[in-house]
Structures are given as structure tokens and as C-alpha cells.
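Q: Provided below are the primary sequence and the corresponding predicted coordinates.
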Amino acid sequence: MMKLKIGTLSDERPVKVGVELPASVYRDLLAYAKAVASESGQPISDPCKLIAPMLARFMATDRGFAKLRRAVHSPEASKG
């Protein structure tokens with residue numbers, strides 16, 4: 001079986017954000033939740049809880065974003 005990029009869900013204090021998804025994206029989210037539940041054995045009661053780890057994974061693996069963050073947070077950027 002293929003390893004999914006989303007693992008177990010962390011139990012961290014959330015910040016509430018409202019978002020509208022296209023119906024096709026929501027259907028894919030439901031399918032993804034079923035795949036995660038099947039792979040992990042952990043039932044997913046609310047597929048929307050997958051959105052945060054998906055976004056986190058996306059941002060963590062986005063090379064352009066990582067480069068931008070390094071540039072913004074570098075000691076060179078803080079000078080002057």
C-alpha cells in the first residue's frame with residue numbers, strides 16, 4: 001500500500017478558520033479521509049481536520065516558500 005503524506009493528527013489547540021471548498025475538492029477530501037482511516041486504523045470523524053496537516057505538509061515541502069522564509073528570517077535581513 002502507498003504511504004500517504006498525512007500521518008496521525010496532532011491534538012493541538014486550534015485556531016478557527018472558515019473556508020469554502022469547491023464540491024470536487026470536498027469530495028476528494030472525503031476520499032482522502034477514508035484512505036487515511038484505512039491506512040492508519042484511526043477513524044476520521046471530521047474530514048475537515050485533515051486540512052491543517054495538509055496545508056502544513058504543503059508549506060513544509062514548498063521549496064520557494066522555504067527559501068522566502070529563510071530570506072525573511074535570516075540575520076542578514078534583520079540588519080539595517
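A: All right, it came through fine. Computed from a predicted structure; not experimentally measured.

Q: In the helix or strand where A37 lies, which residues are buried?
A: Using DSSP states H and E, A37 sits within helix 23-40. For helix 23-40, a neighbour-count test (16 or more other C-beta atoms under 10 Å) marks 29, 32-33, 36 as buried. Where C-beta positions appear, they are placed from N, C-alpha and C, glycine not excepted.

Q: Tell me which residues are up against that helix.
A: Contacts to helix 23-40, defined as C-beta atoms under 8 Å, 6 or more residues apart in numbering, come from residues 1, 3-4, 6-8, 21, 42-44, 47-48, 50-51.

Q: now that helix: mean pLDDT?
A: For helix 23-40, the mean per-residue pLDDT is 95.

Q: and the next helix or strand after that helix, which residues are buried?
A: Sequence-wise, the next helix or strand downstream of helix 23-40 (DSSP H and E) is helix 51-61. Neighbour counts using 16+ other C-beta under 10 Å place 52-53 of helix 51-61 among the buried residues.

Q: How far does the helix or strand following helix 51-61 sit from its chain's centre?
A: Next in sequence after helix 51-61, counting helices and strands by DSSP H and E, comes helix 63-73. Centre-to-centre, helix 63-73 and its host chain are 18 Å apart (C-alpha atoms, centre = their mean, to the nearest Å).
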